[in-house]
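**Student:** just the structure for this:
(one chain, ligands or ions: 1)
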Amino acid sequence: MKNGIIQNSLLNNIESSDNFSFADHTTYGLGGKAKIAYFPKTEEEAAAVFKYLKDSGQMFIVLGNGSNVLASDNFFDGGVISTKYLKGITAYGGILRCLSGTTVNEVLRFCLENNLGGLEYLSGIPASIGGLALMNGGIPLRHIESDIKSVRIYDGKLIDLSNKKCKFGNKHSTMRDIDCIITSVNLSISAVPREASELKIKNFLSARGIQPKGKNCGCVFKNYNGFSAGKIIEDAGLKGIKIGGAEVSGIHANFIVNNEGTAKDVYSLIEYVKNKVYDLKGIKLEQEVVYIGEFNDFDG
Ligand SMILES: Cc1cc2nc3c(=O)[nH]c(=O)nc-3n(C[C@H](O)[C@H](O)[C@H](O)COP(=O)(O)OP(=O)(O)OC[C@H]3O[C@@H](n4cnc5c(N)ncnc54)[C@H](O)[C@@H]3O)c2cc1C
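**Tutor:** Prediction:
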């Protein structure tokens, strides 16, 4: 099936594409191809394709904006459910209901156009709302958990999880532990004049400072017990080290950038940093970035 439609009455009209390139759909710009990708446009389609892949025993993953994943260079003999067309925003009574593939940029633009605010701190994060909810993304001052009312998931049935049931933690939520697809997220918002929001966005963007050059996934490791992982890596003397085309950024040591390297280079450097920090400081850094596919061995 090439750029086709799944021939199944339950799943009719869901777009699909053979030989989906991870390199073209992740901010690292790395990774091999996947056998097939599906592009649901509604929550029901997302649920149907999830059920179809699960029931048929196929290996599959869900992909949002691809900004916190590292896909293996090897062929992924399974399916990808991409949320890139699962978009839509509705506002009612202090709630913003976003389909999970809606990006942070799209949400902020909608808020500005409708004099709504409260989410300006998310400015500059390249993410889908579903990926952000799963990872409990944000900035040190505030994480998305503070603004989530509920999350709709499909795990065999479509259910709404209250904020409490999401059990948000350090770059973590219960959705990371269960086999599910997030189909939509309800966020709290308030009335804010456009000019006030614009000013906040400008300030949040400038506070992000100089971003490392080279393709990357943002922070690779979670902060450790409230200590900056970047500072720990820098103190271990690992800033600027390289394996192949992968480099620990000289600007921010928690960024590993890809300068025309391979996924194996990046993976090898992540594992090298992890081991070295443990040897030198006795600290077990936990990675934030999600691996897709097989990474058997590493150099370094
Ligand atoms: C330049 C740059 C700057 C960044 N700055 C920040 C920052 O300031 N703060 C921050 O928190 N993060 C930051 N990040 C990291 C990234 O944007 C976040 O981790 C974001 O939450 C990832 O969302 P995504 O849609 O790209 O998810 P993906 O990378 O596509 O996926 C991440 C994980 O979520 C799962 N997933 C995605 N969507 C769904 C869904 N609908 N249902 C179920 N599972 C899903 C995937 O299977 C995967 O396990 C940055 C990244 C880059 C490249």
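**Student:** can you tell me the distance between the two ends of stretch 277-296?
**Tutor:** 21 Å (Cα to Cα, to the nearest Å).
**Student:** actually stretch 58-67, not the one I typed
**Tutor:** First-to-last residue span, stretch 58-67, Cα to Cα: 24 Å.
**Student:** contacts for it, please.
**Tutor:** Outside stretch 58-67, the residues that touch it by Cβ atoms under 8 Å, 6 or more residues apart in numbering are 22, 25-28, 37, 50, 53-54, 69, 76-84, 100-101, 103, 126-128, 130-132, 134, 181-182, 217-218, 292. Any C-beta I mention is one placed from the backbone N, CA and C, and that applies to glycine too.
**Student:** which of those are buried, as a PyMOL select command?
**Tutor:** Buried residues within the contacts of stretch 58-67, by 16 or more other Cβ atoms under 10 Å, are selected in PyMOL with:
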select buried, resi 22+25+26+27+28+37+50+53+69+76+79+80+81+82+83+84+100+101+103+126+127+128+130+131+132+134+181+182+217+218+292
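**Student:** which strands border the strand or helix carrying Val62, and is each parallel or antiparallel?
**Tutor:** Here Val62 sits within strand 60-63, counting by DSSP states H and E. Strand pairing for strand 60-63, determined by DSSP bridges: strand 76-82 (parallel).
**Student:** list of residues touching the strand it pairs with?
**Tutor:** By Cβ under 8 Å, 6+ apart, the list of residues contacting strand 76-82 from outside reads 20, 22, 25, 31-40, 46, 49-50, 53, 58-63, 101, 181, 292-293.
**Student:** picking up where we left off before, of the contacts of stretch 58-67, which are in range of the ligand?
**Tutor:** The subset of the contacts of stretch 58-67 within reach of the ligand, by Cβ under 6 Å from any ligand atom, is 27, 69, 83, 100, 126-128, 130-132, 134, 181-182, 217-218.
**Student:** all strands for the stretch 51-200 of the chain, in order.
**Tutor:** For the stretch 51-200 of the chain, strands defined by DSSP state E, counting those that start in this stretch occupy the ranges 60-63, 69-71, 76-82, 89-92, 95-99, 116-117, 138-139, 142-143, 148-154, 158-162, 181-188, 190-191.
**Student:** nearest to Lys274, of those?
**Tutor:** strand 69-71 (13.4 Å; Cβ to Cβ).
**Student:** and the closest one, what other elements does it pack with?
**Tutor:** In this structure, strand 69-71 makes packing contacts with helix 263-281, strand 290-292, judged by 3 or more Cβ pairs under 8 Å, 6 or more residues apart in numbering; DSSP states H and E.
**Student:** how far does stretch 247-266 stretch from start to finish?
**Tutor:** End to end - Cα to Cα - stretch 247-266 spans 8 Å.
**Student:** would you mind finding the most buried of the helices and strands packed on strand 69-71?
**Tutor:** A comparison of the helices and strands packed on strand 69-71 by mean neighbour count, using mean count of other Cβ atoms under 10 Å, puts helix 263-281 on top with a mean of 20.
**Student:** quick check: pLDDT value at Pro212.
**Tutor:** With respect to pLDDT, Pro212 has a value of 88.
**Student:** part of a strand, is Asp18?
**Tutor:** Yes - counting by DSSP: H, G, I helix; E, B strand; the rest coil, Asp18 is part of a strand.
**Student:** for Leu53, which non-adjacent residue is closest in space?
**Tutor:** Phe60 (4.3 Å; Cβ to Cβ, 6 or more residues apart in numbering).
**Student:** what about the one you found, distance to the ligand?
**Tutor:** 10 Å (Cβ to the nearest ligand atom, to the nearest Å).
**Student:** what does the stretch 101-250 of the chain put close to the ligand?
**Tutor:** 125-128, 130-132, 134-135, 137-139, 181-182, 211, 216-218.
**Student:** kindly recompute the last result at 8 Å.
**Tutor:** 101, 103, 124-139, 143-144, 153, 171, 175-176, 180-183, 208, 211-212, 216-219 (Cβ under 8 Å from any ligand atom).
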